[in-house]
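*Asks:* would you be able to build a 3D model of this:
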Amino acid sequence: MNAPETQPQSPLHIRDFRFYLMSRFASVVATVGMVVIVGYQLYDVARADYGMSIKEASFMLGLLGLAQFLPLLVLTPVAGLAADRFDRRTVAVVATSIDLLIAASLAVGTHLDLMTMPLLFGLAALHGSARVFIGPAMSAFVPNLVPAPLMPRAIAMSSMAWQTGTIFGPALAGLLFGAGASLPYWMSSALLIVSCSALLSIRRLPAPAATSDQKPLRQIAEGFRYTWNERFLLGCVTLDLFAVLLAGATALLPVFARDILHVGAEGLGIMRSAPGAGAMAVSFWLSARPISHNVGVKMLWAVAVFGAATVGFGISRSMPVSLLLLALLGAADMISVFIRSTLIQINTPDEVRGRVSAISGLAVSASNELGEMQSGLAAGLLGATGAVVFGGVGAIVVTIAWAWLFPELRNARTFAPQYRQSNRETLPQKESAP
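*Replies:* Residues are numbered from 1 along each chain as shown. Reported below is the predicted structural model:
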């Protein structure tokens, strides 16, 4: 009699998951660092080369967020369908390769002093187009790499890789920018090569089994309909959408770095790293002791703390205090992201996971990019401080409203699947073998 196969006790015992973490970390360091410098370059070019005022240049940062969001809005349904119909690893590799070409273009353009506002807007939009395919594919194939009992720890480790990348990416990019304006983009190019190589080292995953012979547009609509009908998932997705949409202070960090705290590009890199530092500390804790009880209430409280820390940052005029508040903001956001991501992945059937992940990713991107636009518009009217404080208060109000509108969230005690069986039965089913 053969001995029973030993089950892995940690996601790190799984080879493919280790390569996944490597790819995720390298990609985040590359892309977050790249986006930070693009924002700083745009703001600096607007002020120095176009003679714009602080409010006018802040508004340009808002438009930059919109330029990145519009491709996401259009392509997200297609990206979700691709993650459900094709090898998710291949989808991620192709999209990351496109991002690599964008980083190399930024490096060459900056080195040759060719960067203008239209070019920065265009490359930012292309980056948004590539990223929309990476998110659903990467999120959807994690459950294919690790068994269900290890999913909370796997998601915590994945989040830790992400948050670690958000620390090192901006800090390295800021330091490199001080040494040479094109160096951050060359770094991003090299790291995206590493990310592609790690993805290619993962065993080829079979394409998700077809669950329907419906046409692509009907399958896309099916993913939206499933999310809309499942109030629990809808509450998870929209909570982040509206809270971060209002409280997204990230877009205005170049304003605080250059004209309020007067710390320059190097200080901007440190400021962008501070939320990741707080989030990484929480990630280490969650990877060792994942949250398992009263998950819904804890998620709601985390979003409220996120809003309060945003208010404090807007008011602060001390660099150390600002960094502390940004770290607190990141720690609270990490708790919210961990709980929300785990709930969505565990509560979504595999046959629609790519499409639901895409919808969730669209909500996250909408909250980030549209949040940047909202921050830019608000800064144009209220100033940078007024915009950040207004957004933080708005996030707290949204949290209170969602606790009332979606009692399913505050009543979620564990991560156990909570989607309705009736909704599950509306999905097209595979025919049984004769």
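*Asks:* going forward, measure contacts between C-alpha atoms and count neighbours the same way
*Replies:* OK.
*Asks:* was I right about Y43 contacting L61?
*Replies:* Yes: applying CA atoms under 8 Å, one finds Y43 in contact with L61, separated by 6.8 Å.
*Asks:* okay, now the unreliable bits of the stretch 201-350 of the chain?
*Replies:* For the stretch 201-350 of the chain, residues meeting the criterion pLDDT under 70 lie at 205-229, 244-248, 292, 345-350.
*Asks:* run through who's touching stretch 101-121.
*Replies:* For stretch 101-121, the external contacting residues (CA atoms under 8 Å, 6 or more residues apart in numbering) are 34, 38, 42, 45-46, 64, 67, 123, 126-127, 181-186, 188-189.
*Asks:* and the helices in the stretch 1-150 of the chain?
*Replies:* Under the criterion DSSP state H, counting those that start in this stretch, the stretch 1-150 of the chain contains helices at 15-48, 54-85, 88-111, 117-145.
*Asks:* and M334, which of those helices is closest to it?
*Replies:* The stretch from those with the least distance to M334 (CA to CA) is helix 15-48; that distance is 15.4 Å.
*Asks:* mind checking how far the closest one is from the chain centre?
*Replies:* Relative to the chain's own centre, helix 15-48 is displaced by 11 Å; criterion: CA atoms, centre = their mean, to the nearest Å.
*Asks:* so which other helices or strands are in contact with it?
*Replies:* In this structure, helix 15-48 packs against helix 54-85, helix 117-145, helix 151-179, helix 183-200, helix 253-255, helix 264-288, with contacts taken as 3 or more CA pairs under 8 Å, 6 or more residues apart in numbering; DSSP states H and E.
*Asks:* at 10 Å what do you get?
*Replies:* With contacts taken as 3 or more CA pairs under 10 Å, 6 or more residues apart in numbering; DSSP states H and E, helix 15-48 sits against helix 54-85, helix 88-111, helix 117-145, helix 151-179, helix 183-200, helix 253-255, helix 264-288.
*Asks:* is it possible to get TSV of these that adds distance to A304 and mean neighbour count?
*Replies:* Written out in TSV, the entries for the helices and strands packed on helix 15-48 read as follows (distance: least, CA to CA, whole Å; neighbours: other CA atoms under 10 Å):
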stretch	distance to A304	mean neighbour count
helix 54-85	24	24
helix 88-111	33	21
helix 117-145	26	21
helix 151-179	20	24
helix 183-200	34	23
helix 253-255	21	26
helix 264-288	16	23
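*Asks:* need these in TSV (columns: distance to G391).
*Replies:* What follows is these, written out as TSV (distance: least, CA to CA, whole Å):
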stretch	distance to G391
helix 54-85	14
helix 88-111	31
helix 117-145	24
helix 151-179	22
helix 183-200	30
helix 253-255	14
helix 264-288	17
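*Asks:* under the pLDDT cut-off, which ranges of the stretch 1-150 of the chain? List them.
*Replies:* In the prediction, the stretch 1-150 of the chain carries residues with pLDDT under 70 at positions 1-6, 80, 83-84, 140.
*Asks:* returning to that earlier point: output the helices of the stretch 1-150 of the chain in a markdown table; the columns should cover distance to V303.
*Replies:* What follows is those, written out as a markdown table (distance: least, CA to CA, whole Å):
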| stretch | distance to V303 |
| --- | --- |
| helix 15-48 | 22 |
| helix 54-85 | 22 |
| helix 88-111 | 30 |
| helix 117-145 | 22 |
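*Asks:* quick one, which of those helices gets closest to L325.
*Replies:* Across those, the minimum distance to L325, taken as CA to CA, is reached by helix 15-48, at 19.2 Å.
*Asks:* which residue ranges of the stretch 251-400 of the chain form helices?
*Replies:* 253-255, 264-288, 295-315, 319-346, 350-365, 371-405.
*Asks:* could the ones you listed be laid out in CSV, adding distance to L106?
*Replies:* As requested, the helices of the stretch 251-400 of the chain are arranged in CSV below (distance: least, CA to CA, whole Å):
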stretch, distance to L106
helix 253-255, 19
helix 264-288, 17
helix 295-315, 31
helix 319-346, 28
helix 350-365, 22
helix 371-405, 21
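*Asks:* out of the ones you listed, which is closest to V74?
*Replies:* For the helices of the stretch 251-400 of the chain, proximity to V74 was assessed by CA to CA; helix 350-365 is nearest, at 9.8 Å.
*Asks:* just give me the neighbour total for L114.
*Replies:* Residue neighbour count, defined by other CA atoms under 10 Å, stands at 11 for L114.
*Asks:* quick check on it: phi, psi?
*Replies:* Per-residue torsions, L114: phi -110, psi 0 (degrees, to the nearest 10).
*Asks:* how close does it sit to M280?
*Replies:* Between L114 and M280 the distance, using CA to CA, to the nearest Å, works out to 37 Å.
*Asks:* now swap in M271 and tell me
*Replies:* Separation of M271 from M280 (CA to CA) stands at 15 Å.
*Asks:* now S27
*Replies:* Plainly put, S27 is 16 Å away from M280 if you go by CA to CA.
*Asks:* excluding chain neighbours, what is closest to G330?
*Replies:* Take G330 and drop its neighbours on the chain: the residue closest to it by CA to CA, 6 or more residues apart in numbering is P275, 3.9 Å away.
*Asks:* that neighbour against L328, yeah?
*Replies:* Yes: counting by CA atoms under 10 Å, P275 does reach L328; the two are 7.0 Å apart.
*Asks:* which residues do the two both contact?
*Replies:* Contact with both P275 and L328 is made by residues M334, according to CA atoms under 10 Å, 6 or more residues apart in numbering.
*Asks:* for the closest residue to R203 other than its chain neighbours, what are its contacts?
*Replies:* In this structure, R203 finds its nearest non-sequential neighbour in D16, 7.0 Å apart by CA to CA, 6+ apart. Listed by CA under 10 Å, 6+ apart, the contact partners of D16 are 22, 142, 145-146, 198-199, 201-203.
*Asks:* ok, back up a step: quick one: closest of the helices and strands packed on helix 15-48 to N411.
*Replies:* The stretch from those with the least distance to N411 (CA to CA) is helix 151-179; that distance is 19.1 Å.
*Asks:* what's the closest one packed up against?
*Replies:* Counting by 3+ CA pairs under 10 Å, 6+ apart, the packing neighbours recorded for helix 151-179 are helix 15-48, helix 117-145, helix 183-200, helix 264-288, helix 319-346.
*Asks:* from the chain's centroid, how far away is the last one?
*Replies:* Pointing back at helix 319-346 there. With CA atoms, centre = their mean as the basis, helix 319-346 stands 12 Å off its chain's centre.
*Asks:* no more questions from me, cheers.
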